[in-house]
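Novice: Sequence plus the predicted model coming up.
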Amino acid sequence: MSMSDPLGDMLARIRNGQMANKSVIECPHSKLRENVCQVLADEGFIRAFKKEPGENNKAVLKIELKYAEGKGAIRQITRVSKPGRRIYKGAKDMPRFYNGLGVLIVSTPRGLMTDHGARAANVGGEVLCQVF
């Protein structure tokens, strides 16, 4: 059976893994998930991630979670644009999350980037998730 929201599934796995104090979590691989992990790693919310072969020639992403003083580096991670309701914002209408302390991950024509990068590049797109 196919999954209706694969990105939401990955975000839930990250949230649950941090609540259970896991060091590494696994989720099925896709290009979108890999790009979101790249943005999270660049912003310092996760340690690292890597793509590994899994069962039945299906690739798996292994995500190393990051902790600081016993608490997860990610305090809050939520999906904004959902399959039932897509949220698109222009470069000038891009909201600030936690007054600029949090990060929005945006899917733009130039690839996935943070809200800061999208404003700097003057491009808008679909707001995928918010991380703090």
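Specialist: Perfect, thanks for sending it.

Novice: and the end-to-end length of stretch 111-128?
Specialist: Terminal residues of stretch 111-128 lie 12 Å apart, using Cα to Cα, to the nearest Å.

Novice: Kindly apply the preceding question to stretch 21-30 instead.
Specialist: Note: stretch 21-30 ends 25 Å apart using Cα to Cα.

Novice: Give me the contacts around it.
Specialist: Identification of contacts with stretch 21-30 by Cβ atoms under 8 Å, 6 or more residues apart in numbering yields 6, 9-10, 13-14, 17, 33, 51, 54, 58-65, 67. For the C-beta atoms, the positions are set from N, CA and C on the backbone; glycine is no exception.

Novice: Then stretch 63-71?
Specialist: Stretch 63-71 is touched from outside by 14, 17-18, 21-27, 37, 44-49, 72-74, with contacts defined as Cβ under 8 Å, 6+ apart.
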